[in-house]
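Asks: sequence first, predicted model second:
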Amino acid sequence: MADGERQRRLWIIGALVVLVALATACGHKVYHRVRPGDTLSRISKAYGVGVQRIARANHVRDPARIEVGQRLLIPGATRELPVHVITPSDINTAVPHHGEFPRGDGRRPFNWPIDAGTVSSGFGPRGKRFHDGIDIAAPIGTVVLAAADGEVIYADKLSGYGNVIIIRHADGYATVYAHNRENRTREGARVRRGQLIATVGDSGHTTGPNLHFEVRQDNIARNPIYFLPQLTASAK
C-alpha cells in the first residue's frame, strides 16, 4: 500500500474514533436520585445548575415538591454527586452558648485554617443568596490547614466551590474548604489538626484568591467566627 493511501486511511480511522467519542459524550445523561432531605435548591447548588433548568428538564411544575427516590435528569452534569454531603441542610445564625462546644467550657473547637489572612466576606445574606461560610483572602499558594482532627469525606472539584475538601469531625461537626488551588489530601484520609490539606486558589466562582471556609453542625451551617479563636491583629 502506498504511503499516501496509508495516511488517508489512518486519518479516516482517527476521525471516526473522534466522532464516536463525541457522540458517546453527547449522549451521556446523569440522573440524581432524590434522598431524604434533598431539595431542588440543594441539588441546584451542588451541581451548579439552576433550579428552573432542572425543573424544566424533568417537567417538575412545583420545584418545592419532589419525592424521595425520584430520578432527576441533571442537564450538563458529568456524574452523580452526594448532595447530602456537599450542601448544608439548613442554616443557624444563632450565637452558640458555651455548653454547645464539645468541652462544655466555651473553648472554641477549631483552629483557623490559614495562619494569616483577612476575612473578606462574612456569614449571612449576600445579595439574593445566603453565604454559608466566610471568605478569607490570602495570596495564591498560601497553605490551608485542617481546623481539627477528622476524616476527609469529600475531596474533588465542584462547579461553584472549585477544588473543595470536606472534613467530618467528632460531635457532628464538619468543615468545608473551597476555591483551593490544589487539594493536598484525598477522600477517606484521616487528617490531624494543623495538617496541610490544600493551598489557596481562585477555583470555582470567586472574585479573587481566597479560602471559603464553612462550619456545619449536624449538617446545619453555622457562623464559623463563633467556632474559631478570637481574631489576631494580623488576621483582621
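Replies: Okay, I see it.

Asks: output the below-cut-off pLDDT ranges for the protein.
Replies: Applying pLDDT under 70 to the chain picks out residues 1-4, 10, 12-27, 104-106, 231-236.

Asks: run the last query once more with 80
Replies: 1-27, 98-99, 102-107, 231-236 (pLDDT under 80).

Asks: which residue ranges of it form helices?
Replies: Taking DSSP state H, the helices of the chain run over residues 3-26, 40-47, 51-57, 83-86.

Asks: distance of residue 64 relative to residue 73?
Replies: 19 Å (C-beta to C-beta, to the nearest Å). In this view, the C-beta of every residue, glycine as well, is placed from N, C-alpha and C.

Asks: just want to know which of those two has more residues nearby.
Replies: residue 73 (13 against 9; other C-beta atoms under 10 Å).

Asks: what sits against the closest residue in space to the more buried one that isn't next to it in sequence?
Replies: Excluding its sequence neighbours, the residue lying closest to residue 73 (C-beta to C-beta, 6 or more residues apart in numbering) is residue 57, at 4.9 Å. Residues near residue 57 by C-beta atoms under 8 Å, 6 or more residues apart in numbering: 72-75.

Asks: and whichever strand in the chain runs longest, what does it pack onto?
Replies: Identified as the longest strand of the chain according to DSSP state E is strand 173-183. Counting contacts by 3 or more C-beta pairs under 8 Å, 6 or more residues apart in numbering; DSSP states H and E, strand 173-183 is packed against strand 150-158, strand 162-168, strand 196-200, strand 210-217.

Asks: now for those, which one comes closest to residue 177?
Replies: With C-beta to C-beta, the closest approach to residue 177 among the helices and strands packed on strand 173-183 belongs to strand 162-168: 4.6 Å.

Asks: any buried residues in that closest one, and which?
Replies: 162-167 (16 or more other C-beta atoms under 10 Å).

Asks: what residues does that strand touch?
Replies: 85-86, 146-148, 150-158, 174-183, 185, 191, 197-198, 201-206.

Asks: what sits against residue 88?
Replies: Shown in contact with residue 88 (C-beta under 8 Å, 6+ apart): 132, 214, 216, 219-221.

Asks: how close does residue 150 sit to residue 56?
Replies: For residue 150, the distance to residue 56 (C-beta to C-beta) stands at 39 Å.

Asks: could you identify which of the helices and strands packed on strand 173-183 is most buried?
Replies: Ranked by mean neighbour count, those are led by strand 210-217 with a mean of 24 (mean count of other C-beta atoms under 10 Å).

Asks: with just CA atoms, put that one into CSV.
Replies: Written as CSV, here are the backbone C-alpha positions of strand 210-217 (Å, rounded to 0.1, in the frame of the first residue of the first chain):
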residue,chain,number,x,y,z
ASN,A,210,-9.4,33.3,49.0
LEU,A,211,-10.4,30.3,51.1
HIS,A,212,-14.2,29.8,51.5
PHE,A,213,-14.5,28.2,54.9
GLU,A,214,-17.6,26.7,56.5
VAL,A,215,-18.5,25.1,59.8
ARG,A,216,-21.5,22.7,59.9
GLN,A,217,-23.0,21.1,63.0
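
Asks: report the distance from it to the chain centre.
Replies: 10 Å (C-alpha atoms, centre = their mean, to the nearest Å).

Asks: give me the packing partners of that strand, helices and strands only.
Replies: Packed next to strand 210-217, using 3+ C-beta pairs under 8 Å, 6+ apart, are strand 134-137, strand 173-183, strand 220-222.
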